[in-house]
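Asker: Based on what follows, work out the 3D shape:
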Amino acid sequence: MRTVAPRALAVVGLLALAGCEHAAPALAPEIVSRLESKPGAYLAGEVAGLDDSTVLDRKDFVWTLAFSPESSRVAYSHLGAREYQLALWTLKPVLAPVVNAGVNPAEFDLEALAFSPDGTLLASAGWDGMVRLYDAVTGAQKASLRTEEPLTTVAFHPAGRYLVVGSALGLVTALRVADLGFSFEVRPHQDRVSALAFAADGTLYSGSWDKHIRVFDTREETLRRDQTRLRFERRGGHAVVGGTVNGKSPVAFALDARTPAIVLGTQAAAAAGIDTAFLQDSVTLPSALGSNLARVARGQHLRLKGLELEVDVAVCDACLPQNVAGVLGAPFSERVDVAFDESTGEVVLTLKAPAAGTQEEERGLVFAPRATFTYEAHVNDVTVDAAGKRLGVALSEGKAERTRTIYEREKKGLVEPFSEQNAVALVDARNGQVLRKWTRHRGVVATAGISPDGRALASGGWDKQLYVWRDGAENPVAERTFGWSVRRVRFSPDGQWVGVAAWTPQKATGNQESEPAAALFTVRYAAPTVEWRQ
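Answerer: Predicted coordinates:
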């Protein structure tokens, strides 16, 4: 973990963006007092515009941005020279950097960030399939879990005990915050999950490039622990699945009932906390070179999503097929039925004889489908207001995928043709009806952030534009032009800020500073009032 370099402090200053407006009048003391008097308070009223405030980054590609629930901190992910990095700043009582930490290699986009409802944790999700939890005050990493699919979005349940991640392949998974243990999953989409948003009552909205928003009721139930589904792949004649040992070591296991033991390689065993040198028991196992004497670790914990077993593990590198770190052999197949679902690329694992009363009853978050909202365009972003009554939705005619055609058009300065499908929409959260739609963006509308009171939307797109729209107004009440694609826009939970994550034309010379990439604006209201989340 490393702190922000002094250079980062120097970039804090006034924005130099097109369309600069007059300075924001200070909020009246009684408004400030009411806003700070109760958790969940936010500004409401007619948004009159934005006022330029602070640039946090002006040299990197910034992917996403999130505010803490009390609006005292902001986090964003950005692409450094060799890795994706997580930046965390305080907004109150002073604007200051906390950390700027490397997260994962540059080839894996860090797509999503979310703060827990109590503001103590920050979660990230990325294309390496990793979910990571951080201390939201210090930025120190606390836990991580490798999932089976590239991840594109993350959200915390309002109760704070669960977080939900969405994948590039349409899967939505609920995990326990306490240990990142598996709770429940469903595959409601046939394409990338582009957004997950919870209303305060626990209603989950899941948006996707498949042109749907799925709506789920969420509730805690007693979980079925005798069956799970895992994605599998073929490697060297074996079906391979992912699991973890002792909650520490993610392992690629070959399913092979011919092997007379459950086997781990030495590296995976060490990562799981198994000290092979101190193991007393042993077993003879066959390998391509003949018989091998393998040390045995008794009573290890094996987790395959929701299926958890206590198993004995033999440690032997020579006993493994190529390109796997473990084998689920005969002792596993004696206890677990294995059935392959080739249509989904998944394997279904079911305990043959769950022992009554031996497993402690466990409750977890489950999803119950409530409704489906279908649109003519691809859904790129979904946000929900404080009351859970309105959604902000970003839509586009084509998928929000960067292609050579798009890059060539941008290099030539060509403007995307107008399309009714490239739009930002204010949507009724009960039935999916579009209440108001604005179509000024040219090309992909990547993001739509709704204000806490549900009366305004901030939108951003690949046309470099940031717009703020007000219900009842045809034209935007504020607009800014960035150096390149706008990736994410969000109102802060208290309604005082709009945060923007954008790409910027990168410079390899000098101080490498370019146009704003992570920026904050203060929101100007005509006559602000204060409301509270219920």
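Asker: number of nearby residues for the spatially closest residue to residue 208 that is not a sequence neighbour?
Answerer: In space, residue 208 comes closest to residue 189 once its chain neighbours are excluded; the distance is 3.8 Å by Cβ to Cβ, 6 or more residues apart in numbering. C-beta coordinates here come from the backbone N, C-alpha and C atoms, glycine included. Residue 189 is flanked by 24 other residues according to other Cβ atoms under 10 Å.
Asker: For residue 189, give its distance to residue 178.
Answerer: Counting by Cβ to Cβ, to the nearest Å, the gap from residue 189 to residue 178 is 27 Å.
Asker: swap in residue 228?
Answerer: In terms of Cβ to Cβ, residue 228 sits 19 Å off from residue 178.
Asker: Which one's more surrounded, these two?
Answerer: The neighbour comparison of residue 228 against residue 178 (other Cβ under 10 Å) goes to residue 228, with 23 against 9.
Asker: neighbouring strands for the helix or strand harbouring the more buried one, and are they parallel or not?
Answerer: Using DSSP states H and E, residue 228 maps to strand 227-231. Applying DSSP bridges to the sheet, strand 227-231 is found paired with strand 346-351 (antiparallel).
Asker: Output the helix or strand that the strand it pairs with is followed by in CSV, but only the C-alpha positions, please.
Answerer: Note on strand 346-351: by DSSP H and E, the next helix or strand toward the C-terminus is strand 363-374. Once non-C-alpha atoms are left out, strand 363-374 reads as follows in CSV (Å, rounded to 0.1, in the frame of the first residue of the first chain):
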residue,chain,number,x,y,z
ARG,A,363,-29.1,-18.4,6.3
GLY,A,364,-28.2,-16.3,3.3
LEU,A,365,-29.5,-13.7,0.8
VAL,A,366,-31.6,-15.0,-2.0
PHE,A,367,-33.2,-13.3,-5.0
ALA,A,368,-36.9,-13.7,-6.0
PRO,A,369,-37.7,-12.4,-9.5
ARG,A,370,-40.3,-9.6,-9.4
ALA,A,371,-40.4,-8.0,-12.8
THR,A,372,-38.5,-7.5,-16.1
PHE,A,373,-38.2,-4.1,-17.9
THR,A,374,-37.4,-4.5,-21.6
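Asker: next structured bit after strand 363-374?
Answerer: Sequence-wise, the next helix or strand downstream of strand 363-374 (DSSP H and E) is strand 378-384.
Asker: which helices and strands sit right next to whichever helix or strand comes after that following strand?
Answerer: Reading on from strand 378-384 to the C-terminus, the next helix or strand found by DSSP H and E is strand 390-396. Secondary-structure packing of strand 390-396 (3 or more Cβ pairs under 8 Å, 6 or more residues apart in numbering; DSSP states H and E): strand 378-384, strand 423-428, strand 445-450, strand 456-461.
Asker: give me the number of residues near residue 524?
Answerer: Neighbourhood size, residue 524 [other Cβ under 10 Å]: 20.
Asker: So what's the gap between the helix or strand encompassing it and the chain middle?
Answerer: Assessed by DSSP H and E, residue 524 sits inside strand 518-525. Centre-to-centre, strand 518-525 and its host chain are 24 Å apart (Cα atoms, centre = their mean, to the nearest Å).
Asker: In TSV: the helices and strands packed on strand 390-396, plus mean neighbour count.
Answerer: Shown next, in TSV, are those (neighbours: other Cβ atoms under 10 Å):
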stretch	mean neighbour count
strand 378-384	26
strand 423-428	23
strand 445-450	28
strand 456-461	29
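Asker: closest to residue 67 out of the ones you listed?
Answerer: Nearest to residue 67 among the helices and strands packed on strand 390-396 is strand 445-450 (10.0 Å), distances taken as Cβ to Cβ.
Asker: Can you check what angle separates the closest one from strand 423-428?
Answerer: Strand 445-450 and strand 423-428 are oriented at 30 degrees to each other (axes from the mean of the first three to the mean of the last three Cα atoms, to 10 degrees).
Asker: Give me the residues contacting strand 445-450.
Answerer: Here strand 445-450 makes contact (Cβ atoms under 8 Å, 6 or more residues apart in numbering) with 380-385, 390-396, 400, 422-426, 456-462, 485-491, 498.
Asker: quick one, that strand and strand 456-461 angle?
Answerer: Relative orientation of strand 445-450 versus strand 456-461 (the same axes, to 10 degrees): 160 degrees.
Asker: Direction included, what does strand 445-450 pair up with?
Answerer: Strands that pair with strand 445-450, judged by DSSP bridges, come out as strand 456-461 (antiparallel).
Asker: Now do the partner strand: distance to the chain's middle.
Answerer: 20 Å.
Asker: what do you get for stretch 66-73?
Answerer: Using Cα atoms, centre = their mean, the offset of stretch 66-73 from its chain centre is 16 Å.
Asker: Now do that stretch: distance from first to last residue.
Answerer: Start to finish, the residues bounding stretch 66-73 are 9 Å apart (Cα to Cα, to the nearest Å).
Asker: Tell me where the model's unsure across the chain.
Answerer: 1-25, 249, 354-361 (pLDDT under 70).
Asker: the helices in it, which residues?
Answerer: Applying DSSP state H to the chain gives helices spanning 6-10, 29-37, 266-271, 330-333, 404-411.
Asker: could you dump the ones you listed to JSON lines with distance to residue 473 and mean neighbour count?
Answerer: Listed next are the helices of the chain as JSON lines, based on distance: least, Cβ to Cβ, whole Å; neighbours: other Cβ atoms under 10 Å:
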{"stretch": "helix 6-10", "distance to residue 473": "37", "mean neighbour count": "11"}
{"stretch": "helix 29-37", "distance to residue 473": "23", "mean neighbour count": "13"}
{"stretch": "helix 266-271", "distance to residue 473": "57", "mean neighbour count": "18"}
{"stretch": "helix 330-333", "distance to residue 473": "62", "mean neighbour count": "18"}
{"stretch": "helix 404-411", "distance to residue 473": "30", "mean neighbour count": "12"}
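Asker: what's the closest of the ones you listed to residue 76?
Answerer: Closest to residue 76 of the helices of the chain is helix 6-10 (Cβ to Cβ; 12.1 Å).
Asker: Next one: residue 312 from residue 50, what distance?
Answerer: Distance, residue 312 to residue 50, using Cβ to Cβ: 62 Å.
Asker: Neighbour count: those two, which is higher?
Answerer: Neighbours per residue (other Cβ under 10 Å) separate residue 312 from residue 50, with residue 50 holding more: 29 against 14.
Asker: Surely that one is in contact with residue 520?
Answerer: No - counting by Cβ atoms under 8 Å, residue 50 stays clear of residue 520, with 9.9 Å between them.
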